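>>> Just to be clear, the model below is a prediction. Sequence and coordinates:
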Amino acid sequence: MSVNGAQTPISTTGQTHEDFSTATTTAAATASTTAAATTTSTTAELKHLSIIRSEAKYVSGNLKELLTLWRHLCDACGYF
């Protein structure tokens, strides 16, 4: 808002409507950019965690099979 071409402060801090509008627009753009970057990062991290989880299940399954085989061998030979 302006009076005789000069911006009128909207608060005691001297901030004008134009300053407030610019700050609000900048904050919204920054928040949008940050949210997009976070979403991309989160998606990549989730994909990575999914791969790690799959690998862990695979290794866990192999270890269970190995332990089962070991038990059968130990039972067969009476070593342990």
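Nice, thanks for sending it over. Numbering: from 1, shown residues only.

>>> contacts, neighbours, all on C-alpha from now
Noted.

>>> Could you measure from T43 over to L69?
39 Å (CA to CA, to the nearest Å).

>>> same check, this time on D75
D75 is 10 Å from L69, where distance means CA to CA.

>>> Please apply the same query to T42.
As for T42, its distance to L69 is 40 Å (criterion: CA to CA).

>>> what's the burial count for L73?
By the other CA atoms under 10 Å criterion, the neighbourhood of L73 contains 13 residues.

>>> who touches it in this structure?
With contacts defined as CA atoms under 8 Å, 6 or more residues apart in numbering, L73 has no neighbours.

>>> residues touching L49, list them.
By CA under 8 Å, 6+ apart, L49 lies in contact with nothing.

>>> any idea which helix or strand carries it?
L49 is part of helix 17-77, with elements assigned from DSSP states H and E.

>>> Let me see the mean pLDDT of that helix.
Averaging pLDDT along helix 17-77 yields 75.

>>> From here on, call the first residue 37.
Fine by me, first position is 37 from now on; the one you just mentioned is helix 53-113.
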